[in-house]
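Chemist: sequence unknown, structure follows:
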């Protein structure tokens, strides 16, 4: 399970620190947040205290109308729970009762000048990205005609050389050697390059190439949804390779099944052209047309007429 530290949240979202947090190990483990309106009214059953707590104008106005004693009790009870933090939006004044309770129970309070709805959208998008399940795999990710192609294969099989040829043909490199993959929802994986190797590509015999400098920024991109996995392997004459495309193969990454092709590598075989065709064919399949199924249909029709 991915987690996020409070100090990173404060830095990335540029939050104002109202109450300094002493515990630097406070973590956030869910992308959901809670607006504690019911808790301010005294109802604490099913209180989602593990979420980031957010007070906007509605909660602020309601709390301001409570008696001083009720404000003190409600603030203390909220801060008694092990909440990650409390954030006030719209630059609203933080009530003294919350400040006192935060100091007593060592709970951080932050503030933002953004409107509540806009900040909620920004915060949820940020948390979903930061807390998305992540894995780093050895491979190459290239954007080929809008299709994210993740290339696997043993070292030296020609992954980087194929990526370089694709870049020369107008496609875009995302990452070489290592691909950081995030599961952004139940069906979608997004790949990017670790920051230290971004835009770099290694070619044996030449060394490290900076693709952005050599071919321009149009030859690279920072992220790409992964649509197709291609496994490159040295051709084995005793192994059966799919020749029609009727057999669908998948690779599971972070619980998501991605279409997979296995391509045998032989001397003189232009892998870049083959990957271009594979990407176009994958797009056609997504649009509902499968060339292999169409051929099979024609053959069946021909047999029926004979």
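Modeler: Happy to help now that I have it. Since this is a predicted model, take the numbers as computed values, not measurements. Numbers count the residues shown, from 1 in each chain.

Chemist: Which residue, other than its chain neighbours, is closest to residue 89?
Modeler: Distances taken as Cβ to Cβ, 6 or more residues apart in numbering place residue 116 nearest to residue 89, at 4.3 Å, with adjacent residues excluded. Glycine gets a C-beta too; all of them are placed from N, C-alpha and C.

Chemist: Make sure the one you found is actually in contact with residue 57.
Modeler: Yes: here residue 116 reaches residue 57: they are 6.4 Å apart, a contact under Cβ atoms under 8 Å.

Chemist: so which strand or helix has residue 263?
Modeler: Assigned by DSSP states H and E, residue 263 belongs to strand 256-265.

Chemist: Can you give the contact residues for the helix or strand just after that strand?
Modeler: Per DSSP H and E, the first helix or strand lying C-terminal to strand 256-265 is helix 271-286. Applying Cβ atoms under 8 Å, 6 or more residues apart in numbering, the set of residues contacting helix 271-286 from outside is 142, 144-147, 149, 151, 158, 162, 165-166, 168-169, 171, 227-228, 230, 232, 245, 259, 261, 263, 265, 290-291.

Chemist: And the helices in the stretch 151-300 of the chain?
Modeler: 159-168, 211-215, 271-286, 291-305 (DSSP state H, counting those that start in this stretch).

Chemist: highest average neighbour count across those helices?
Modeler: helix 159-168 (a mean of 21; mean count of other Cβ atoms under 10 Å).

Chemist: And that helix, what does it pack against?
Modeler: strand 140-144, strand 147-153, strand 172-175, strand 200-203, helix 211-215, helix 271-286 (3 or more Cβ pairs under 8 Å, 6 or more residues apart in numbering; DSSP states H and E).

Chemist: how about the strands in the stretch 51-200 of the chain?
Modeler: Secondary structure of the stretch 51-200 of the chain (DSSP state E, counting those that start in this stretch): strands located at 52-55, 86-88, 109-111, 134-138, 140-144, 147-153, 172-175, 178-185, 188-192, 200-203.

Chemist: quick revisit: let me have the helices and strands packed on helix 159-168 in CSV, extended by mean pLDDT.
Modeler: Below are these laid out as CSV (pLDDT from 0 to 100):
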stretch, mean pLDDT
strand 140-144, 97
strand 147-153, 96
strand 172-175, 97
strand 200-203, 94
helix 211-215, 95
helix 271-286, 93
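
Chemist: out of these, nearest to residue 130?
Modeler: Residue 130 lies closest to strand 172-175 among the helices and strands packed on helix 159-168, at 19.3 Å (Cβ to Cβ).

Chemist: what's next to that closest one, contact-wise?
Modeler: Residues from elsewhere that reach strand 172-175, judged by Cβ under 8 Å, 6+ apart: 140-143, 148, 163, 166-167, 191-194, 197-199, 201, 211, 218-224.

Chemist: circling back: let's have the helices of the stretch 151-300 of the chain in a markdown table, adding distance to residue 6.
Modeler: Below are the helices of the stretch 151-300 of the chain laid out as a markdown table (distance: least, Cβ to Cβ, whole Å):
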| stretch | distance to residue 6 |
| --- | --- |
| helix 159-168 | 39 |
| helix 211-215 | 34 |
| helix 271-286 | 41 |
| helix 291-305 | 53 |
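
Chemist: so which of these comes closest to residue 205?
Modeler: Between the helices of the stretch 151-300 of the chain, helix 159-168 lies closest to residue 205; by Cβ to Cβ that is 10.0 Å.

Chemist: Centre of the chain to that closest one, how far?
Modeler: With Cα atoms, centre = their mean, to the nearest Å as the basis, helix 159-168 stands 25 Å off its chain's centre.

Chemist: got the angle for that helix vs strand 147-153?
Modeler: 150 degrees (axes from the mean of the first three to the mean of the last three Cα atoms, to 10 degrees).

Chemist: That'll do, ta.
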